[in-house]
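1. pasting the structure only:
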């Protein structure tokens, strides 16, 4: 803000200019003022709730801060501790598996359902709403609780499994089964990418399929040669959003494990460990360092995705 | 770009200033006893009160607060409560911002964390004016002091106990343990019950892995005449002792005689004992009400296993009440604490759900019906007076964290993910960073 005012006062000092542009300048200045005034709710929100905490956490990442005493500067110590911390690596591994397994399955499910819904039949709108519903409630506390109840010892999933001869005992307490449970929860909430896929599918001109049919292409060939390339910008968009979202999963993990990341650290997602470090073990400096490592990792992965997108994403109007 | 960088610099400077400012709040100078003024009776005052617990406790608190507001019509008390974990994360965040509620329910595990860092009001100043602690036993009162300053007032006491389900034992035909049993006797007994209960549906287990509870380890050290923590707030035991303790449960873990951790994790926040799949459980005596309510069966109590010199149990304040150092209404906060610990009606409302009240007038006011839970707990605490021979250990700063890590590693041990040696190494390396000298 200071930079803005000093710039304009400099302009005023130049003074000797023809009148009309001066008036224009003044009204433009009024516009700028009005613009900032209208932006101010967002600006205040951004500065107070996003920018300030981010800068603060960047500073705290280089300190030893236990929430009770003033932070003391320790340089890179938090970062070196991080790489020697076995639980840090556990949390990184848990999150990586979740992102690598959960995201593709979720996108595939979303695309499959979107394609089914794209076929013309009666009650289309109703189906769309029904399939979207889980996404509305999926991130909520109640669903995480219901999920836990379903997968618990002698819960509904256990009983269905027993009908097919699967061993009982519940998924929630078994470290080898908790990850599949979380992936299922993620996949089940495919609504948001599905709606975007559906919009993308509707954009694909029907003539392309007709022409392909005339040339003798079957449904599989049509899918790989028309649907996927035509849908690639939408696919890319969904992939990006879902990947970033998966890195930040927290709520469901917190509720299902009671905030511990258990059993046996099998659901110790990165953000959950960050939370434990900061608020349960009072090591806010360390937690801030973890947050910045996550920012960098997500940034790098996003950049890589953008780079590869040149090779497989086709925008209409491109000559590829 | 220029603006951003400038703004960033300014923001960083503001952070530094703000943090320094919050750190300045609340000194640790001892308050002059009785130096406070009497709480006002005409000025409108609003204070806040926070506690952890389940909805049942909330109802009791609300009832008690209503009574307080009747006696002090000019004071309004705003209440809030959370479960144990959520409670401490909220308080930690508030402490960082210098905005703790005026009166908070405090636990011995966290007293030093908050008291030694200037977050809590030294209540000595209020003593004799708005706060009367005369009814609380001196040694119990001392557990709320740090370096001679009273940062918390114990509301009630508890001590460890072994609970057993008499109905289940009758069903599988195993005799209950007899008083004077040792840790080894307990392990053998658990084994016996598990073998006898294997045919039940669901299978009945003798007990859970008691070695995974930090307080039991401390109790075991005390039985051997060791002080768990030194006076300057450091750990006073070594890796060999921890290894020996954890190995007490190795036989049970190897033979799978204890209730499987998979099942425990799924029952949380309840345990196997609540749902009648485990025949015994050792924990704090005020848990009885919860057990009886869930299990609906005949739950009996015993002192904990004996070491060489008997059980050597101690009274622990089951919870304390503290006031924030930042409170603008220290007089009203002290008056509320006074009311909650001394008022007979409050004792009647809470019963033994927080442990046995610290003040006799509250015990006398309880409706102790013969055969009721309250009667059983009060009776137990009377019975064990002979074996309560030790003072409660004064937790070190960071106690809450090392206790939680002990529990986590105890679960890893039961899952078979770590060995006893790995547990010991990892726990000590964690404790090195978490225990701060005050």
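-> That came through fine. Just so you know, these numbers come straight off a predicted model, no measurement behind them.

2. single out the residue in the stretch 151-300 of chain B that lies closest to chain A.
-> Nearest residue of the stretch 151-300 of chain B to chain A: residue B:262, at 3.5 Å (CB to the nearest CB). All C-beta atoms are positioned from the backbone trio N, CA, C, and that covers glycine.

3. that residue and residue A:174 touch, don't they?
-> Yes: between residue B:262 and residue A:174 there is a contact at 5.6 Å, judged by CB atoms under 8 Å.

4. quick one: residue B:175 from residue B:161, how far?
-> Distance, residue B:175 to residue B:161, by CB to CB, to the nearest Å: 19 Å.

5. what packs against the helix or strand residue B:188 falls within?
-> Residue B:188 is located in helix B:183-196, with elements delineated by DSSP states H and E. Packing partners of helix B:183-196 (3 or more CB pairs under 8 Å, 6 or more residues apart in numbering or on different chains; DSSP states H and E): helix B:166-172, helix B:250-254, strand B:280-284.

6. circling back: which residues are common contacts for residue B:262 and residue A:174?
-> Common neighbours of residue B:262 and residue A:174, using CB atoms under 8 Å, 6 or more residues apart in numbering or on different chains, are residue A:263.

7. so residue B:403 touches residue B:109, yeah?
-> Yes: applying CB under 8 Å as the test, residue B:403 and residue B:109 come out as touching, 6.1 Å apart.

8. residue ranges for the strands of the chain, please.
-> Picking chain A for this. A:63-64, A:72-73 (DSSP state E).

9. you looked at the wrong chain, it should be chain B
-> Under DSSP E, chain B gives strands at B:45-52, B:75-82, B:103-106, B:145-146, B:149-150, B:153-158, B:160-165, B:280-284, B:299-302, B:313-314, B:316-323, B:356-357, B:388-390.

10. okay, these in a markdown table with mean pLDDT and mean neighbour count next?
-> Below are these laid out as a markdown table (pLDDT from 0 to 100; neighbours: other CB atoms under 10 Å in any protein chain shown):
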| stretch | mean pLDDT | mean neighbour count |
| --- | --- | --- |
| strand B:45-52 | 94 | 20 |
| strand B:75-82 | 93 | 16 |
| strand B:103-106 | 96 | 26 |
| strand B:145-146 | 88 | 18 |
| strand B:149-150 | 92 | 22 |
| strand B:153-158 | 92 | 26 |
| strand B:160-165 | 94 | 23 |
| strand B:280-284 | 93 | 21 |
| strand B:299-302 | 93 | 20 |
| strand B:313-314 | 90 | 22 |
| strand B:316-323 | 93 | 26 |
| strand B:356-357 | 90 | 26 |
| strand B:388-390 | 85 | 16 |
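
11. how about TSV for those strands, with distance to chain A added?
-> Output for these, formatted as TSV (distance: least, CB to the nearest CB, whole Å):
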stretch	distance to chain A
strand B:45-52	14
strand B:75-82	12
strand B:103-106	14
strand B:145-146	14
strand B:149-150	17
strand B:153-158	21
strand B:160-165	20
strand B:280-284	18
strand B:299-302	23
strand B:313-314	26
strand B:316-323	14
strand B:356-357	29
strand B:388-390	29
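
12. any chance of those strands in a markdown table with distance to residue A:300 as columns?
-> Formatted as a markdown table, the strands of chain B follow (distance: least, CB to CB, whole Å):
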| stretch | distance to residue A:300 |
| --- | --- |
| strand B:45-52 | 41 |
| strand B:75-82 | 38 |
| strand B:103-106 | 43 |
| strand B:145-146 | 47 |
| strand B:149-150 | 51 |
| strand B:153-158 | 52 |
| strand B:160-165 | 52 |
| strand B:280-284 | 48 |
| strand B:299-302 | 57 |
| strand B:313-314 | 54 |
| strand B:316-323 | 46 |
| strand B:356-357 | 59 |
| strand B:388-390 | 56 |
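
13. of the ones you listed, which is nearest residue B:433?
-> With distances scored as CB to CB, the stretch of the strands of chain B nearest to residue B:433 is strand B:145-146 (21.8 Å).

14. what does that closest one contact?
-> By CB under 8 Å, 6+ apart, strand B:145-146 touches B:111-112, B:115-116, B:151, B:438.

15. mind running it again at 10 Å?
-> B:28, B:111-112, B:114-116, B:120, B:122-124, B:151-152, B:233, B:394, B:397, B:438 (CB atoms under 10 Å, 6 or more residues apart in numbering or on different chains).
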